[in-house]
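A.B. asks: 3D model of this:
(chains A and B)
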Amino acid sequence: MFFTYLRRELRRRRKAALVVASGLALGIALVIVVTSVSSGMNGAQDKVLQSLYGLGTDMTVTKAATPATGSAQRPRFRFDAQDDDSGKEQSSDHVLVQGFTTLPSSTVGKVAGQRGVAGAVGGLSLTVVKVSGQFTRGRIQQNQGGDQPGGYGGGPPQGRVAGGGADFDVNQYTVYGTDVTEPALGPLTSSKITSGRAFQKTETDAKVAVADSAYAKEEKLEVGDTVTIKGVKFTIVGIATADSGAAAANLYIPLKRAQTLSGTKDKVTTIYVKATDSQQIDAVKKTIQKNVSGTTVTTSADLADTVSGSLSTASHLAAGVGKWLSAVVLAAAFLVAGLLTSSAVSRRVREFGTLKALGWRSGRVTRQVVGEAVVNGLVGGVLGIALGLAGAYAVTAASPTLQAQLGGGGATGGGPGGPGFGGPGRQAARTLEVALTAPVSATTIALAVGLAVTGGLIAGAFGGWRASRLRPADALRRVE
Amino acid sequence: MYELRGVTKRYTRGKETVHALDGVDLTIPDGDRLVIQGPTGGGKSTLLQMLGALDRPTSGEVVLDGTDLAGLPEAKLTRVRSENIGFVFQSFNLIPTLTAQENVETALVPLGVKPGERRERAAEALRSVGLGERLGHLPGELSGGQQQRVAIARALVKQPKVLLADEPTGNLDESTRDEIMDVLERLWNEHGLTFVMVTHDSAIARKAPRLATIRKGRITVTEKTGA
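C.D. replies: Numbers count the residues shown, from 1 in each chain, chains lettered A, B, ... in the order given. Coordinates of the predicted model:
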């Protein structure tokens, strides 16, 4: 009888049921869209962080910030003017350590030995500024004294320097010295080798390089080509394509080679750390900071806080306005559903009064009312999920591009930045573009169903309370 | 058997107190057929509500088969209604979305009768009021007389001890009224139940063996011999 009665009543009151269900649907759809967009933003943020860290890195260790000493390196370029007209090209590379601060390589072992650390690997981020071009001498052109209007006759020959000059090209790119013996950790893990091969574990001091695909395309580099860094020729053995966002560096070379090039023997800029338990990252961070002095430990959560740009703005919007708006719409929908259900009970006073006169207990009548409201809620839930999925699909289809800006300490002065992110205060500014998606998870759907049932129960509670208070005599008296 | 002793029912409307029943004493033996008459607002329906365990008196006792209904908790009153008392209302009070058969079944739901048996007994009750061909019809598809027959079937399907009817012919034309009264009288004779009916209809009142008249909450009972 319960289900027969329920079915018939819902069919009879289709319009009212639809109004209640639509209100709930709107609220639920909004929750789904906001939740999925938030999740998409978190995903985008993770992608951004992953492109810096590589897969599997839980935190980085860098040298703690120290006051500038004033003796920081500045690039100096020396060129000689050519004596002849050969037009011979001169070039000078200057290799800078990103952030200008390094840690001794022995720190990697110290960090690896800390409790809760599953693995640690060091890397050296470099920026290479290459200036190349021609520099020719000017020539002195002799002038005849008499030719000069108003000049003094009989003086020594007059002359001026003519011609000569410089034609230089400045090229800046990033190089990352990677520990080829530990390929599972570090920034290169977020790239896939799309041509050629990866480093071999034996190539610790080899003159080989892996180029980022975007950089390779720009510089027309292919596997087998060579690149010269500070006079050393490296053979390109592989091309790596970043999984998402921008690559960590333009070129990757073995760590030892990078240390030699930059004159930082046994030094690293960043140590990439993987924790044994991803839930214990904060504890591991504290342990490292306590036991390895002079270091700054940055977790992905710390780094996420430094993300700015439209991604951050949108993320804050979704977390703030979106969630509040969803809550308000849901609360309004619940309230309207409750009031409509209560008003529907008022219109059915005679019906419920009759049932009570026939011996139906209040609980049975209340269950009937709550049952109808819950079905309304579920219909709203189905509509809301459909609407929410459509909304999330639309967001994913439109894939609006968001910009993420990381750091901005400006230690290296712009450029594509590098993988060696230290403490937030010393990070190089880095802007990445990510496409926003709105993935709908099973949890979100479960949340929507939960909200639908809750909405139905709240509405049912309003109506049920009204129905339970109905005395059969009052019900019949009001209509007789 | 009903025994009403000093039953008073007062309602408060704003600052005014209405005495719907004012010290009513009444005995209704088992199998009796009592017709209650009186002017509008005189207390007829209120008395019927007391008899039907739909309401409690302000004071006094309403005793049904030795149990004072006035002192029973709501759950027990509900049980008394579901097992012992059948109601027929002036406006039929059928559930518009349920078929004739399902409407009759609603009276068996609180008794915990299994669905199959419920359907069977409801169909039988409808056949007994001449609606065997209308089991699947909704109330809106039936005439007023047919709807009242469904209501009578609903009242009698649980085989109550008491049938209470509140102006059962009030919304019907003359020929339908006679038809319904014939059905009620036949069933009363067949089932041997106690039948209390409120009516404005003098023609019906004239035929009643006992006539109670309520005016301003006070009752007078007239016994008719040979009625």
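A.B. asks: for the closest residue to chain B within the stretch 1-150 of chain A, what are its contacts?
C.D. replies: Nearest to chain B, among the residues of the stretch 1-150 of chain A, is residue A:8, at 3.6 Å (C-beta to the nearest C-beta). In short, each C-beta sits where N, CA and C put it, glycine included. Shown in contact with residue A:8 (C-beta atoms under 8 Å, 6 or more residues apart in numbering or on different chains): B:97, B:98.
A.B. asks: So which bits of chain B are right by chain A?
C.D. replies: Proximity of chain B to chain A (C-beta under 8 Å from any C-beta of the partner chain) is limited to residues B:45, B:49, B:52, B:54-55, B:74-75, B:78-79, B:81-83, B:87, B:89-91, B:93, B:95-98, B:102, B:105-107, B:109-111, B:115, B:118, B:154, B:166.
A.B. asks: Mind giving me the ChimeraX select for those, buried ones only?
C.D. replies: To isolate the buried subset of the residues of chain B next to chain A in ChimeraX, counting by 16 or more other C-beta atoms under 10 Å in any protein chain shown, use the following:
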select /B:45,49,52,54,55,78,79,81,82,87,89,90,91,93,95,97,98,102,105,106,107,109,110,118,154,166
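A.B. asks: Quick one: mark the members of the residues of chain B next to chain A that sit in strands.
C.D. replies: B:87, B:166 (DSSP state E).
A.B. asks: hmm, back to that, so the residue of the stretch 1-150 of chain A closest to chain B lies in a strand, does it not?
C.D. replies: No - applying DSSP: H, G, I helix; E, B strand; the rest coil, one finds residue A:8 to be helix, outside a strand.
A.B. asks: can you tell me how far it sits from residue B:99?
C.D. replies: Going from residue A:8 to residue B:99 by C-beta to C-beta, to the nearest Å gives 9 Å.
A.B. asks: for stretch B:149-168, how far is the first residue from the last?
C.D. replies: Stretch B:149-168 has an end-to-end distance of 10 Å (criterion: C-alpha to C-alpha, to the nearest Å).
A.B. asks: any idea of the mean pLDDT for that stretch?
C.D. replies: Across stretch B:149-168, pLDDT averages out at 91.
A.B. asks: How far does it sit from its chain's centre?
C.D. replies: In terms of C-alpha atoms, centre = their mean, to the nearest Å, the centre of stretch B:149-168 is found 6 Å from the chain centre.
A.B. asks: Show me which residues of that stretch are buried.
C.D. replies: The neighbour-count check on stretch B:149-168 (16+ other C-beta under 10 Å) flags B:149-158, B:160-168 as buried.
A.B. asks: cool, and stretch A:107-115?
C.D. replies: Neighbour counts over stretch A:107-115 (16+ other C-beta under 10 Å) mark A:107, A:108, A:110, A:111, A:112, A:114 as buried.
A.B. asks: Excluding covalently adjacent residues, which one is nearest to residue B:17?
C.D. replies: Once flanking residues are discounted, residue B:17 sits nearest to residue B:10: 5.5 Å by C-beta to C-beta, 6 or more residues apart in numbering or on different chains.
A.B. asks: which SS class is that neighbour?
C.D. replies: The local conformation at residue B:10, judged by three-state DSSP, is strand.
A.B. asks: So what's the predicted local confidence for it?
C.D. replies: 90.
A.B. asks: was I right about residue B:22 contacting residue B:217?
C.D. replies: Yes - with contacts counted by C-beta atoms under 8 Å, residue B:22 reaches residue B:217, the gap being 3.5 Å.
A.B. asks: which of the two has more neighbours?
C.D. replies: Neighbour count, other C-beta atoms under 10 Å in any protein chain shown: between residue B:22 and residue B:217, residue B:217 has more, with 22 against 16.
A.B. asks: pretty sure that one is touching residue B:19, no?
C.D. replies: Yes - Residue B:217 is within contact range of residue B:19, at 4.7 Å (criterion: C-beta under 8 Å).
A.B. asks: any shared contact partners between those two?
C.D. replies: Taking C-beta under 8 Å, 6+ apart as the contact rule, residue B:217 and residue B:19 both touch B:8, B:9.
A.B. asks: what about residue B:140, neighbour count?
C.D. replies: 9.
A.B. asks: Next: residue B:13.
C.D. replies: Neighbour tally, residue B:13, other C-beta under 10 Å: 7.
A.B. asks: Residue B:110 versus that one, what's the distance?
C.D. replies: 32 Å.
A.B. asks: and if you look at residue A:232?
C.D. replies: From residue A:232 to residue B:110 the distance is 95 Å (C-beta to C-beta).
A.B. asks: do the same with residue A:121
C.D. replies: 75 Å.
A.B. asks: Who does the spatially most central residue of chain B form a beta bridge with?
C.D. replies: Closest to where the C-alpha atoms of chain B average out (C-alpha atoms, centre = their mean) is residue B:164, at 1.7 Å. The bridge-partner assignment for residue B:164, based on DSSP bridges, gives residue B:87, residue B:196.
A.B. asks: about what we covered before: can you list the buried residues of stretch A:107-115 in CSV and add secondary structure?
C.D. replies: Formatted as CSV, these follow (three-state DSSP):
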residue, secondary structure
A:107, helix
A:108, helix
A:110, helix
A:111, helix
A:112, helix
A:114, coil
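A.B. asks: Of those, which is the nearest to residue A:199?
C.D. replies: Distances from residue A:199 to the buried residues of stretch A:107-115, taken as C-beta to C-beta, are shortest for residue A:108 (17.4 Å).
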